[in-house]
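[1] Would you be able to build a 3D model of this:
(chains A and B)
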Amino acid sequence: MFTLKDVRYRDIVDIPHLEIPSGKVTCIVGRSGSGKTTTLRMLNRMISPDTGTIIYKGTPISEIDPVRLRRQVVMLPQTPVMFDGTIRDNLLIGLEFSEREPVPDDALHRVLEIMDLRKELEDDAATLSGGEKQRVALGRILVMRPDAALLDEPSSALDEGTERAVIGRLADAARERGVTVVMVTHSRPLAEAVADHLVEIEAGRVVTTNGVERA
Amino acid sequence: MNGIIDISIPQLALTFVYVAAVILIIRRMGIPREMQILTASLRMTIQLIIAGYVLLYLFDYRSIWTILLVLLVMETFAVHTAIRRVNVALSSMLKRIIAVAIPAGSLLSLAFFLFVVVGDDSWRDPRYVVPLAGMIVGNAMTGVALGANRLVDGIKSRRAMVETALMLGATPKVASRQVVRNAFDAALLPTINSMVSIGIVALPGMMTGQILAGVSPLIAIRYQIAIMLGIMGSVAFSVLILVEWGSRTFFNDEAQLVD
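    Next up is the predicted model:
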């Protein structure tokens, strides 16, 4: 789905070549400061590489309108953001932003089930805990059914007990819906548990893919 | 009683005795503000004396060119003051937008007021143009300074929210919608508040002046109503230009939030 060729961003990222397969869950692992988030942000043009090309479905992303690209390749930031309103408003806001029709409540209830969030759609989003907000933010992306979802540390506010279960169910739901997932995490065990494809980054360079060392 | 009682220079000087009393009292109380009060009082007096003579000159020479010159000076001063009043760093693009927003909004309101509401030959009479322009431009200046502060602050403090919206496919306009609305509200609030309390809590300066000069309160209120609406329009248009164009300066061509 994505091909990175000679991509450089300041002295943070330097990737000669990387393929991210379509319809799969790809996890990018590495220590903090290794360039994971920067790489992720380049995939939907939240930032642009200094040099090199990123190809999405055969077209360089620099040739795709950034807003149109982000409606197909949506991103979840590391710190989940809730907008004013209820859980329903927050689950639907991605559709509103991308100028699409809202979905009925039963679709939203299904998303809450996947996220294991026992809350009412009318509940005020501001009253949720950090972990609950993160689940709503993840649910918001499932509701959008994008071509690709870029998730930056999606389990950072979840406790260890629920982390694996929630992210596992999210990965399954994404595979069912044909959503390509690119997930950044510092947790190798989590990545190994949910990923179809594993990329390890160190100091802005890809060191292994699926455990195979890069030259 | 017709006309106005003249205040003689010695009588006016008595007001400084009053200021001296205020300074004495606050000094006794140990509040170190006497210099500020004194400087502000003197500065105000000198500025108004100059303004009085300038106005006298303008009213004698009813030339359209001097009116235009006064408007130019007012607008330039308003733009500079508004930029100086913003406590946050402004990009050069935002400064340029302020330089367009204040004149555009205020001149539109002034033109409407002079040509449509008052009519007649008021547009070429400095007695109408200068004081009305002063009020309209002054309020636009305050509104734009407030709006610019809130706009820059809002984008900073709501950066995560704006970015999340972009990540979910929002256009920059939609992503910054809330910040833009907040800035507009903050800028317009003082004008709305003064409209709400006017005539109950305080009589506005222009109306007081007209009444003191012997004009019927019923005529004075007509002018006051019209000028308040003119001020509101001027502030609203100026701030609208500021927030609509200004919010775009926070994004680049790639719909990314710039640093």
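[2] measure the closest residue to B:Leu108 other than its chain neighbours to chain A for me?
    Leaving aside its chain neighbours, B:Leu108 sits nearest to B:Phe237 (5.8 Å; criterion: C-beta to C-beta, 6 or more residues apart in numbering or on different chains). (Each C-beta comes from the backbone N, C-alpha and C, glycine too.) Using C-beta to the nearest C-beta, to the nearest Å, B:Phe237 is found at 28 Å from chain A.
[3] which residues does B:Phe237 contact?
    B:104-105, B:108-109 (C-beta atoms under 8 Å, 6 or more residues apart in numbering or on different chains).
[4] and with 10 Å instead?
    B:Phe237 is in contact with B:101-102, B:104-109, B:140, B:143, counting by C-beta atoms under 10 Å, 6 or more residues apart in numbering or on different chains.
[5] Nearest to chain A among these?
    Nearest to chain A among the contacts of B:Phe237, counting by C-beta to the nearest C-beta, is B:Gly143 at 25.1 Å.
[6] How about that closest one: what's its closest non-neighbour residue?
    For B:Gly143, ignoring the flanking residues on the chain, the nearest one in space by C-beta to C-beta, 6+ apart is B:Val235 at 3.8 Å.
[7] Quick one: the strands in the stretch 1-150 of chain B, in order.
    Using DSSP state E, counting those that start in this stretch, no strands are assigned anywhere in the stretch 1-150 of chain B.
[8] Would you pull up the residue in it closest to chain A?
    For the stretch 1-150 of chain B, C-beta to the nearest C-beta, closest residue to chain A: B:Arg150, 17.2 Å.
[9] circling back: distance of the residue nearest to B:Leu108 from B:Ala99?
    Using C-beta to C-beta, to the nearest Å, B:Phe237 is found at 15 Å from B:Ala99.
[10] before we move on, back to that, out of the contacts of B:Phe237, who has the most neighbours?
    For the contacts of B:Phe237, the largest neighbour count, defined by other C-beta atoms under 10 Å in any protein chain shown, is 35 neighbours, found at B:Ala140.
[11] That one reaches B:Ala82, doesn't it?
    Yes. Counting by C-beta atoms under 10 Å, B:Ala82 is a contact partner of B:Ala140 at 8.4 Å.
[12] hey, what's in contact with both of the two?
    With C-beta under 10 Å, 6+ apart as the test, B:Ala140 and B:Ala82 both reach B:101-102, B:238, B:242.
[13] Quick check: the farthest pair among the residues you listed?
    Farthest-apart pair in those is B:Ile102 and B:Leu242; separation 8.5 Å (C-beta to C-beta).
[14] what's the overlap in contacts for these two?
    In terms of C-beta under 10 Å, 6+ apart, B:Ile102 and B:Leu242 are both contacted by the residues B:82, B:140, B:143-145.
[15] how about JSON lines for those, with pLDDT and distance to B:Ser247 added?
    Converted to JSON lines, those look like this (pLDDT from 0 to 100; distance: C-beta to C-beta, whole Å):
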{"residue": "B:Ala82", "pLDDT": "95", "distance to B:Ser247": "17"}
{"residue": "B:Ala140", "pLDDT": "96", "distance to B:Ser247": "19"}
{"residue": "B:Gly143", "pLDDT": "96", "distance to B:Ser247": "16"}
{"residue": "B:Val144", "pLDDT": "97", "distance to B:Ser247": "14"}
{"residue": "B:Ala145", "pLDDT": "96", "distance to B:Ser247": "17"}
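[16] Out of these, which two sit at the greatest distance?
    Every pair of the shared contacts of B:Ile102 and B:Leu242 checked by C-beta to C-beta; the farthest is B:Ala140 and B:Ala145, at 9.7 Å.
[17] Sketch out the helices for chain A, chain order is fine.
    Using DSSP state H, the helices of chain A run over A:36-43, A:66-72, A:87-97, A:105-114, A:130-144, A:160-177, A:188-194.
[18] What mean pLDDT does the longest one get?
    Helix A:160-177 shows an average pLDDT of 89 in the prediction.
[19] mind exporting it as PDB, just the C-alpha atoms?
    Extracted in PDB, the C-alpha atoms of helix A:160-177 (Å, rounded to 0.1, in the frame of the first residue of the first chain):
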ATOM      1  CA  GLU A 160      -1.400  -3.600  30.500                       C
ATOM      2  CA  GLY A 161      -4.300  -6.000  31.200                       C
ATOM      3  CA  THR A 162      -6.600  -4.600  28.600                       C
ATOM      4  CA  GLU A 163      -3.900  -3.400  26.100                       C
ATOM      5  CA  ARG A 164      -3.400  -6.700  24.300                       C
ATOM      6  CA  ALA A 165      -7.200  -7.500  24.200                       C
ATOM      7  CA  VAL A 166      -8.300  -4.100  22.900                       C
ATOM      8  CA  ILE A 167      -5.600  -3.700  20.300                       C
ATOM      9  CA  GLY A 168      -6.000  -7.400  19.300                       C
ATOM     10  CA  ARG A 169      -9.800  -6.900  18.700                       C
ATOM     11  CA  LEU A 170      -9.100  -3.600  16.900                       C
ATOM     12  CA  ALA A 171      -6.600  -5.400  14.600                       C
ATOM     13  CA  ASP A 172      -9.100  -8.200  13.900                       C
ATOM     14  CA  ALA A 173     -11.900  -5.600  13.200                       C
ATOM     15  CA  ALA A 174      -9.500  -3.800  10.800                       C
ATOM     16  CA  ARG A 175      -8.600  -7.000   8.900                       C
ATOM     17  CA  GLU A 176     -12.400  -7.800   8.600                       C
ATOM     18  CA  ARG A 177     -13.100  -4.400   7.200                       C
END
